[in-house]
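Enquirer: Okay, here's the prediction I keep looking at, along with the sequence it came from:
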Amino acid sequence: MNELKQLGKDLLQNGTVKVIIGYAEGTTPNRAKPFIARTPEDAEKLVFNKYCVNNLAVYLTRKEYKGKGTVGIVAKGCDVKAIVQLIQENQIIKDDVYIIGMNCNGAVADLGKADESLAVKCLNCKVHTPHLYHTLLGKLEEMPKTEDENLKMIQKLDAMTAEEKWAFWEAEFEKCVKCYACRQTCPMCYCERCIADKTQPRWIESSAHTRGNFSWNIIRAFHLSGRCIGCGECERACPAQIPLTLLNRKMGMVAFKEFGYSAGMALDNPTLVGNYNTTDREDFIK
Amino acid sequence: MEEKTFEPKITAFVCNWCTYTGADLAGTSRLKYKPNIKMIRVPCTGRIDPVFITKAFEKGADGVLISGCHPGDCHYNTGNFHARRRWVLFTELLNYIGIDSSRLFFSWVSASEGKKFVDVVSNVIDTVKAKGPFQQYQKINKEFVLDE
Amino acid sequence: MEEKIISQGNLVSFVGELIKNNCMVIGEDKKGLGWKRITDAGEIKINHKDIPSNISYKEFLFPKTESIFYYKNKKEDYELVEAPEFKDKIVFLGAKPCDARSIEIMSKVFNWDYKDKFFNERADNSIVIGTACNYQDEFCFCTSVNLSPSTEKGSDLFLVPLDENTYALKIVTEKGKEFIQPYAKYLTDGNITRTQETLAKVKSPEKKFESGKVREWITGNFEHKLFDAIGSTCVGCGQCAFACPVCHCFDIVDEECSYECGRRMKNWDACQFGLFTLHSSGHNPRDNQNKRYRQRIAHKFKYYTDKFDEVLCTGCGRCSRGCPVGIDIAQVAKEINLVANQV
């Protein structure tokens, strides 16, 4: 990705950006990891390939980058969705970000594995070319057609009885260790003090028993409804391998079905839960 | 041993300006209703985060009622409009997890609707009583407890 | 030390008898967290040629959440009730040296100024059946932290896979000897030469850094700007601490069971969490991720060694494999080693 390295060098050299948040090679050739380039020499390490699955927008809401000059960011379409959503929610200022848009041909679901099948987010992606950027790099290529097993599972869950659904989720949430990796890797979980950390009163128990786990996972899924941009980082980060995309993607589908809203698309879209319509549905209210 | 008939525990989150006042009117009018509900007064239904609902279920509620001002009448102008959207999303979420969202009730009750308050509450209590205790949450509440 | 031979078939029968005698046999499980209680001896697999599990087995010694006591509200007073004593026998089956050593390493801090009965009850009732390891990848670095694929220290009994159907069983500790006595019928006489030949063929991961040098450098360089770079992409997710066989920080919280009673819970905690060092005054001495990541490195390679003469790391590589942002602790230590050598 020589044009990326060159652009990175130029941007840092002429001071257009203070840092570039991008990807560098990981420990093995089939991995990539987030990397902060601060000098033109650092820019030599920037790469972009199918192993660049991380959503780098998670770093944009950090205190160290706010008000300290323009931040460059290497972004795929899904990452740009996160950036757009963050701008919609007034968490970052549009002019403080320099988006290096990357034409993307899909990222792997899991790093370091022999199985290089695509991530769930890539299967129905409509933003192989990002919808917002300052510079666009990379070439689009034909992508292999893959079965959307994730969607099939959501449909399977929808068809289950309440008891079956509960049994499914109970078995999954039992494994949760409350590491909060899902929250930390999520670009939309930017609250300085998460409700799970509030102790007076304690709304969400921090213990990793079933009750505490249900509480945490339900509330996080709710707080993301209509805001989750579907990057799947939560599921990838989870050490207990809980299928969180089944939950968050479903809520995204609900937001679209009920309100016609898709997170992270148009910059001037009003946010879903931050706004209302006088004609919103209320047939369930007596 | 005499079998005690099941009496449901209902938690009601009600907005201060409309429903709470409506409930007060029910009281001053000496309208009777069953004592199964515990009311929690909030300034506006817009204050209600679904975490209140999960907390109520965790604490042993068999049903939860949320009630506020009619759309357009909110004391803070738009609180109930925001709340309305949240409830759609939250009930879908509960259904997807397999939690019976029909134990969650919503209503608009104004300050002058004392009778309506009594009707709503009675309906909630009767419905939940017919459903029985909330087994799912009671089961997960049994971890890490002392055997009596 | 004494050495015996056990066939795969006999191993299965041995485990079967253990399960029948109500021992908690903990074996590797590829799904979920990685270790589980085995109920069917037929499903055991000694994974010596395979990647370590996602998370270590410390869950069984130091549960992710446990109650340390209960309280009951009485009219004018309250009553405290101790949590029930842990009396089960635990057998860890197929622990690679990087896992097997974890009990000894953690024991040091749990028996330092306070004897942690919750850990000790479980550790004292545990038997570790270790196995020589024939796996390594780019993330393994046991040889850099005073271990190797054939280290027996930490196991009570140690299996060396001789072929598809046979293991050498080395009896390492007195505890192990006593334990295996009633099951001697499953064992046959050992063949020391064969075992030695097999072990000689085991490939060790190459040494990536000198843990002593890393410790020395950290001592004089707490404010070094290297720490600004290495932790800069960490998102503070805590996966590393939770997957680690020797990380042991915990949080104490009180919860209600009902109106009349409650419990005090001991939960896993991680120094990578933002609020880990938040004081009640509102001051947070480690208020950014760089400082928190520095703490992780310093604790593992310096503070723990200063106190207990052990590196708080077994080189299993789980933290690096599972890190969502690809931070590799061996590479970090290697970089420190490089900088240390330049001085």
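Expert: Looks like it came in fine.
Enquirer: who touches the residue of chain B found nearest chain A in this structure?
Expert: As assessed by Cβ to the nearest Cβ, chain A sits closest to residue B:98 within chain B, at 3.0 Å. (Glycine included, C-beta is placed from N, CA and C.) Contact analysis of residue B:98 by Cβ atoms under 8 Å, 6 or more residues apart in numbering or on different chains lists A:160, A:162-169, B:136.
Enquirer: does the residue nearest to the spatial centre of chain A count as helix, strand or coil?
Expert: Geometric centre of chain A, nearest residue: residue A:231, 3.6 Å, by Cα atoms, centre = their mean. What DSSP: H, G, I helix; E, B strand; the rest coil gives for residue A:231 is coil.
Enquirer: The residue nearest to it when sequence neighbours are not counted and chain B: what is the separation?
Expert: Nearest residue to residue A:231 in three dimensions, chain neighbours excluded: residue A:55, at 4.1 Å (Cβ to Cβ, 6 or more residues apart in numbering or on different chains). Plainly put, residue A:55 is 23 Å away from chain B if you go by Cβ to the nearest Cβ, to the nearest Å.
Enquirer: circling back: for the residue nearest to the centre of chain A, give me its contacts.
Expert: Shown in contact with residue A:231 (Cβ under 8 Å, 6+ apart): A:55, A:78-79, A:81-82, A:121, A:187.
Enquirer: residues near the residue nearest to residue A:231, how many?
Expert: Look at residue A:55: counted by other Cβ atoms under 10 Å in any protein chain shown, it has 29 neighbours.
Enquirer: can you tell if the particular helix or strand that has residue C:69 in it touches chain B?
Expert: Secondary structure from DSSP states H and E places residue C:69 in strand C:65-73. Yes - counting by Cβ under 8 Å from any Cβ of the partner chain, contacts between strand C:65-73 and chain B involve C:65-67, C:70, C:72.
Enquirer: Mind giving me the packing neighbours of that strand?
Expert: Applying 3 or more Cβ pairs under 8 Å, 6 or more residues apart in numbering or on different chains; DSSP states H and E, one finds that strand C:65-73 contacts strand C:78-82, strand C:261-268.
Enquirer: Could you tell me the single residue of the stretch 151-300 of chain C that sits nearest to chain A?
Expert: For the stretch 151-300 of chain C, Cβ to the nearest Cβ, closest residue to chain A: residue C:237, 3.6 Å.
Enquirer: now that residue: how far from residue A:188?
Expert: Relative to residue A:188, residue C:237 is positioned 15 Å away (Cβ to Cβ, to the nearest Å).
Enquirer: could you pull out the strands for the stretch 101-250 of chain C?
Expert: C:126-131, C:157-163, C:166-171, C:188-189, C:250-256 (DSSP state E, counting those that start in this stretch).
Enquirer: List the residues that contact the most centrally placed residue in chain B.
Expert: Geometric centre of chain B, nearest residue: residue B:65, 1.6 Å, by Cα atoms, centre = their mean. Applying Cβ under 8 Å, 6+ apart to residue B:65 gives the contacts B:10-14, B:37, B:105-107, B:120-121, B:124.
Enquirer: Report the entries of these that also contact chain A.
Expert: Within these, those near chain A by Cβ under 8 Å from any Cβ are B:105-107, B:120.
Enquirer: thinking again about what came up before, pairing partners for the helix or strand where the residue nearest to the centre of chain B lies, with directions?
Expert: Here residue B:65, judged by DSSP H and E, is contained in strand B:63-68. Sheet pairing of strand B:63-68 (DSSP bridges) gives strand B:10-15 (parallel), strand B:104-108 (parallel).
Enquirer: now the helix or strand just after it: how far from the chain's centre is it?
Expert: Following strand B:63-68 in sequence order, the next helix or strand is helix B:79-97 (DSSP H and E). Offset of helix B:79-97 from its chain centre (Cα atoms, centre = their mean, to the nearest Å): 14 Å.
Enquirer: same for helix B:79-97, what does it pack against?
Expert: Counting by 3+ Cβ pairs under 8 Å, 6+ apart, helix B:79-97 packs on helix A:162-174, helix A:210-224, helix A:244-259, helix B:50-58, strand B:63-68, strand B:104-108.
Enquirer: Please identify the most buried of those.
Expert: Ranked by mean neighbour count, those are led by strand B:63-68 with a mean of 27 (mean count of other Cβ atoms under 10 Å in any protein chain shown).
Enquirer: what about residue A:96, distance to residue A:21?
Expert: In terms of Cβ to Cβ, residue A:96 sits 13 Å off from residue A:21.
Enquirer: Mutual contacts of the two, please.
Expert: residue A:71.
Enquirer: of those two, who's got more company?
Expert: Taking neighbours as other Cβ under 10 Å, residue A:96 and residue A:21 compare with residue A:21 leading, 27 against 17.
Enquirer: Quick check: the more buried one touching residue A:36?
Expert: Yes - judged on Cβ atoms under 8 Å, residue A:21 makes contact with residue A:36 at a distance of 5.8 Å.
Enquirer: Are there residues contacting both of the two? Which ones?
Expert: Contact criterion Cβ under 8 Å, 6+ apart; residues shared by residue A:21 and residue A:36: residue A:59.
Enquirer: For the stretch 1-150 of chain A, what lies in contact range of chain C?
Expert: So the stretch 1-150 of chain A meets chain C at A:26-28, A:31-36, A:54, A:58-59, A:63-64, A:111-112 (Cβ under 8 Å from any Cβ).
Enquirer: Of those residues, which pair is most distant in space?
Expert: The most widely separated members of these, counting by Cβ to Cβ, are A:28 and A:63 (32.4 Å).
Enquirer: for chain C, what are the low-confidence residue spans?
Expert: Within chain C, the ranges that satisfy pLDDT under 70 run C:30-33.
Enquirer: one more time with 80, if that's ok
Expert: Scanning chain C for pLDDT under 80 picks out the ranges C:1, C:30-33, C:45, C:47, C:258-259, C:343.
Enquirer: For it, give the residue positioned nearest to chain A.
Expert: Among the residues of chain C, residue C:326 lies nearest to chain A; the distance is 2.7 Å by Cβ to the nearest Cβ.
Enquirer: The residue lying closest to that residue once chain neighbours are set aside: what's it in contact with?
Expert: Counting by Cβ to Cβ, 6+ apart, residue C:326 lies nearest to residue A:33, which is 2.7 Å off, once chain neighbours are set aside. Contacts for residue A:33 (Cβ under 8 Å, 6+ apart) come out as A:23-26, A:54, C:233, C:325-327.
Enquirer: hang on, the earlier thing: out of the helices and strands packed on helix B:79-97, which comes closest to residue C:129?
Expert: Closest to residue C:129 of the helices and strands packed on helix B:79-97, according to Cβ to Cβ: helix A:162-174, at 26.8 Å.
Enquirer: Now do the next helix or strand after the closest one: which elements does it pack against?
Expert: Following helix A:162-174 in sequence order, the next helix or strand is helix A:181-185 (DSSP H and E). Where contact means 3+ Cβ pairs under 8 Å, 6+ apart, helix A:181-185 is packed against helix A:233-237.
Enquirer: check whether the helix it packs on contacts chain B.
Expert: No - with Cβ under 8 Å from any Cβ as the criterion, chain B is not reached by helix A:233-237; the gap is at least 15.6 Å.
Enquirer: Give me the residues contacting that helix.
Expert: A:53-55, A:58, A:109-110, A:119-120, A:181-187, A:242-245, A:248, C:237, C:239, C:324.
Enquirer: Can you mark which positions in stretch A:84-92 are buried?
Expert: Of all the residues in stretch A:84-92, those buried under the rule 16 or more other Cβ atoms under 10 Å in any protein chain shown are A:84-88, A:91-92.
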